[in-house]
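Participant: Sequence and predicted structure are below.
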Amino acid sequence: MLTESERMSSASEARFRLQAPNSEPREIKVIALDAPSEALVRQLAERSWNRATFLSASSFAAGLPAARDTGRDGWLVDLDGRSRNLMDEVSSADLVVMVANPGGDAQVAAIIGELCGELRVNTAAFIYGATASSEEAISRTLAQLRPWSLMVVVAKSEDYIEDMLVALRA
């Protein structure tokens, strides 16, 4: 008698499996929310990805209240330092991934998350470096991200974020 796992792995069951990847790859925007996470996003961008765009909102976090009143133009910069329009970037995305460091200022997640909600774009957030941070720092950052993200992951290492991006088909 075959186990369920053995039966599902058999050649006769292979005909029921999808034989080709999705015809439309995902468009994923990975956004650093603070200066420490920008360094990680730069490292991640050096790897080979399908359709992922790596951006930073860290330079705008300091001017959050004033910038919120001016609209969404210039909220993001690409890794070459060129200004990018938040509305354009989010509207062309299937998924927006926000990356933050524990204890960092992640308030800009509210602006990004609000726009993602309006445009019905899925969001995910990663807080990395949990092993080297206090519970208070993690909680403070989590409180800033949780209302604006459908999935929040507190990662112990940077490798986990890379693995998750691969799993999300970035």
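Facilitator: Received the coordinates, thanks.
Participant: Which pLDDT value belongs to the closest residue to Gln144 other than its chain neighbours?
Facilitator: Nearest residue to Gln144, sequence neighbours excluded (C-beta to C-beta, 6 or more residues apart in numbering): Ala106, at 4.2 Å. Heads up, the C-betas are built off the backbone N, CA and C, glycines and all. Per-residue confidence (pLDDT) for Ala106: 81.
Participant: my guess is Ala106 contacts Met98, does it?
Facilitator: Yes. Here Ala106 reaches Met98: they are 7.5 Å apart, a contact under C-beta atoms under 8 Å.
Participant: Show the backbone phi and psi for Thr131.
Facilitator: phi -70, psi -30 (degrees, to the nearest 10).
Participant: Isn't it up against Glu158?
Facilitator: No. Taking C-beta under 8 Å as the definition, Thr131 is not a contact partner of Glu158, at 11.1 Å.
Participant: Between the two, which is the more surrounded one?
Facilitator: Glu158 (17 against 9; other C-beta atoms under 10 Å).
Participant: That one touches Val41, doesn't it?
Facilitator: No. Using C-beta under 8 Å as the test, Glu158 is too far from Val41 to be in contact (10.3 Å).
Participant: Mind listing the shared neighbours of Ala106 and Met98?
Facilitator: Listed as contacting both Ala106 and Met98 by C-beta atoms under 8 Å, 6 or more residues apart in numbering are 33, 145.
Participant: what residue is smack in the middle of the chain?
Facilitator: The residue lying closest to the centre of the chain (C-alpha atoms, centre = their mean) is Val97, at 1.4 Å.
Participant: who's in contact with that one?
Facilitator: 28-31, 123-126, 165, 168, 170.
Participant: what does Val77 give?
Facilitator: Val77 touches 55-57, 59, 83-84, counting by C-beta under 8 Å, 6+ apart.
Participant: Return the subset of the residues you listed lying in strands.
Facilitator: 55-56, 83-84 (DSSP state E).
Participant: Drop anything exposed from these.
Facilitator: By neighbour count, with 16 or more other C-beta atoms under 10 Å, the ones in strands among the contacts of Val77 hold 55-56, 84 as buried.
Participant: returning to that earlier point: which of the contacts of Val97 tops the neighbour count?
Facilitator: Most surrounded of the contacts of Val97: other C-beta under 10 Å gives Ile31, at 30 neighbours.
Participant: On the three-state scheme, that residue is what?
Facilitator: strand (DSSP: H, G, I helix; E, B strand; the rest coil).
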